[in-house]
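Asker: The sequence isn't on hand, but the structure is:
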């Protein structure tokens with residue numbers, strides 16, 4: 001019979017499980033919370049990004065409108081009778097008789113030829129004029145308001161329900177915003193007689 005030897009060496013490999021879990025837990029905690037904090041902090045950067053994008057987009061629209069107006073002004077200088085006939089035809093297509101359309105076109109041309117073409121040919125008006133700075137500010141403000149919703153939800157939700165409540169609130173907010181957009185579009189269409 002062989003003697004039994006007790007092994008007295010100490011090895012740490014049996015402790016690796018909890019040590020690895022502790023390190024990974026600390027890493028995950030740091031990364032998860034840091035990501036959340038950075039995400040919240042980035043809402044300001046997101047607002048700036050949205051504002052810049054909206055400014056560029058609306059400024060492009062404003063530049064296009066300005067180019068169209070410059071072209072129309074040149075056409076009025078080069079061919080006033082052709083532009084008068086064009087304006088009269090627009091009114092005929094809107095339901096006026098040829099004689100009345102010609103009279104309206106002549107009167108509007110005498111008062112403000114470029115204004116008449118701006119409004120009736122190009123479809124531009126002061127109310128709908130491209131305003132890049134206003135659009136940028138509105139975009140930034142709405143981004144910040146939208147970013148506050150999930151943050152407030154996070155603060156008031158029970159800890160065990162944060163994910164579910166945040167998801168539900170976000171979906172409800174998106175549905176309400178979609179309905180609001182459709183309602184405003186329908187209202188504008190009704191006001192300007194463009195509804196089907």
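Answerer: Looks like it came in fine. Quick caveat, the model's predicted, so the values are computed rather than measured.

Asker: Please identify which helix or strand holds the spatially most central residue of the chain.
Answerer: With distances taken as CA atoms, centre = their mean, residue 139 lies nearest the centre of the chain, 6.2 Å away. According to DSSP states H and E, residue 139 maps onto helix 132-156.

Asker: Please apply the same query to residue 46.
Answerer: helix 16-78.

Asker: Counting by contacts, list what the helix or strand just after that helix packs against.
Answerer: Using DSSP H and E, the helix or strand that follows helix 16-78 in sequence is helix 80-93. Helices and strands touching helix 80-93, by 3 or more CB pairs under 8 Å, 6 or more residues apart in numbering; DSSP states H and E, are helix 16-78, helix 98-120. Yep, even glycine has a C-beta here, placed from its N, CA and C like the rest.

Asker: Any buried residues in helix 80-93, and which?
Answerer: 83, 84, 87, 88, 90, 91, 92 (16 or more other CB atoms under 10 Å).

Asker: Compute the mean per-residue pLDDT across the helix holding residue 139, please.
Answerer: For helix 132-156, mean pLDDT rounds to 83.

Asker: from the middle of its chain, how far away would that helix be?
Answerer: From the chain centre to the centre of helix 132-156 is a distance of 11 Å (CA atoms, centre = their mean, to the nearest Å).

Asker: Between helix 132-156 and whichever helix or strand comes after that helix, find me the angle.
Answerer: Next helix or strand after helix 132-156 toward the C-terminus (DSSP H and E): helix 162-191. On the basis of axes from the mean of the first three to the mean of the last three CA atoms, to 10 degrees, helix 162-191 is oriented at 150 degrees to helix 132-156.

Asker: So which elements touch helix 162-191?
Answerer: With contacts taken as 3+ CB pairs under 8 Å, 6+ apart, helix 162-191 sits against helix 132-156.

Asker: other SSEs contacting the helix it packs on?
Answerer: Against helix 132-156 (3+ CB pairs under 8 Å, 6+ apart) you get helix 16-78, helix 162-191.

Asker: Backbone dihedrals for residue 97, please?
Answerer: The phi/psi pair for residue 97 (degrees, to the nearest 10) reads phi -70, psi 160.
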